[in-house]
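>>> what's the 3D shape of this:
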Amino acid sequence: MKQKKKSLRRRKKEEQLLRIEKLEKELEDNGGEADPDAVVSMYIPRRRGRLLGAALLRMDKLRLLLLTLLAVVAILFIIAFTQEKMGNFTINLNRLELYRKGVAIADEGYFERPTARLMAATVADATNISIEDIPSDVDEIDGGHNGENYMAYTFYVRNAGKEDLTYKFSITLDSCSKGAEEATRVALWRNGERTVYAVPSASGEPEDGCVNFESSKTVCSFIEEDFLVGNVNKYTVVIWLEGDDPECVDRIVGGSVEFSVHIDADDHNQDSLLVKFINDIKDTLKRDKPISAAGNDAPSYYHSGEVTWYNRRNQDTETTPETEGSAP
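I've put the predicted structure just below:
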């Protein structure tokens, strides 16, 4: 038994001497410096193997993280590229100030699907055309009705709400590339009356038959006053690249533009959200023009039946085309 213990002590001593020799050799090879992990591993059996495994594991996690980040970047790039090439044309109604009061938009005159947001796909890879190529009945077709080289969308704004009001209408240029906006035309029909907008010519003067964009980011904006309960307004927006524009040159090939319509309250209610919420609760409890609890249904408070484009209160109202930045 004693002999076995002596033999075990002798082997451990030999192992320690061997480790010291390795340490001395490493110090000699590294100019008197040694890796602390390497030193520790000489005195803790199998530590070097565990450290190596942990390093490999960490490397795998790092690679996995890098691959994940690369995949996310690739997906974001694809989304951005798709939006740049195809884009979307959107119509946005202020939900808090208008929609909750009974103002809604729809892509058809009967308002079977009143909403606060509409979206239309734009035309991909469109080439230039002339305004004469736009069909004469383009204002008479509801919803999205794109042609081969132009985008067209017709929609309606209805006041079936609690009160007469005023709203601000604007069309904005949200993104563009390769100077395509310089040859773009935006035609707007307001209750049947058309105005065509374009980026100013090189001299700063309006293009032939057009009104200048209001600014580099705004096509046009105007105030719709006296939008009475029971009124409905109709709009058609048509967008195309004008082939007769001097800026319609080869350098814009592959370019894109993206526009959107905004319908906002002209005079925002300055009450806090809490006050508005309390007032809505009071109206609901008193059954006095209650607001939908979900907030997703377009409320209708009009007491003379459903308000549509065909029975609207303002059927005899004529709209005159406006000039840049002016109010009706």
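>>> can you give me the helices for this protein?
2-29, 36-43, 47-85, 273-285 (DSSP state H).
>>> of the ones you listed, which shows the lowest average pLDDT?
When those are compared by mean pLDDT, helix 36-43 comes last with a mean of 48.
>>> wouldn't residue 232 be in contact with residue 312 here?
Yes: if you go by CB atoms under 8 Å, residue 232 and residue 312 touch, sitting 3.9 Å apart. (C-beta placed from N, C-alpha, C; glycine too.)
>>> give me the neighbour count for residue 147.
Look at residue 147: counted by other CB atoms under 10 Å, it has 16 neighbours.
>>> how about the strands of this protein, start to end?
Assigned by DSSP state E, the strands in the chain fall at 88-93, 103-106, 117-121, 143-144, 150-159, 165-177, 184-190, 193-198, 211-212, 218-227, 232-241, 256-265.
>>> what's the second one packed up against?
Pointing back at strand 103-106 there. strand 88-93, strand 117-121, strand 150-159 (3 or more CB pairs under 8 Å, 6 or more residues apart in numbering; DSSP states H and E).
>>> make it 6 Å
strand 150-159 (3 or more CB pairs under 6 Å, 6 or more residues apart in numbering; DSSP states H and E).
>>> dump the strand it packs on to PDB, keeping only the CA atoms.
Coordinates of each C-alpha in strand 150-159 appear next as PDB, following Å, rounded to 0.1, in the frame of the first residue of the first chain:
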ATOM      1  CA  TYR A 150     -49.700  55.600 -66.000                       C
ATOM      2  CA  MET A 151     -51.100  55.300 -62.500                       C
ATOM      3  CA  ALA A 152     -54.700  56.300 -61.800                       C
ATOM      4  CA  TYR A 153     -56.700  56.200 -58.600                       C
ATOM      5  CA  THR A 154     -60.200  57.500 -57.800                       C
ATOM      6  CA  PHE A 155     -61.500  57.900 -54.300                       C
ATOM      7  CA  TYR A 156     -64.100  59.700 -52.300                       C
ATOM      8  CA  VAL A 157     -64.200  61.700 -49.000                       C
ATOM      9  CA  ARG A 158     -67.500  61.700 -47.000                       C
ATOM     10  CA  ASN A 159     -68.700  63.700 -44.000                       C
END
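>>> before we move on, back to that, out of the strands of the chain, flag the one nearest residue 65.
strand 165-177 (31.8 Å; CB to CB).
>>> quick one: list the elements packing against the closest one.
Right, strand 165-177 is packed against strand 218-227, strand 256-265 by 3+ CB pairs under 6 Å, 6+ apart.
>>> what angle do the first one and strand 150-159 make?
Orientation of strand 218-227 against strand 150-159 (axes from the mean of the first three to the mean of the last three CA atoms, to 10 degrees) gives an angle of 30 degrees.
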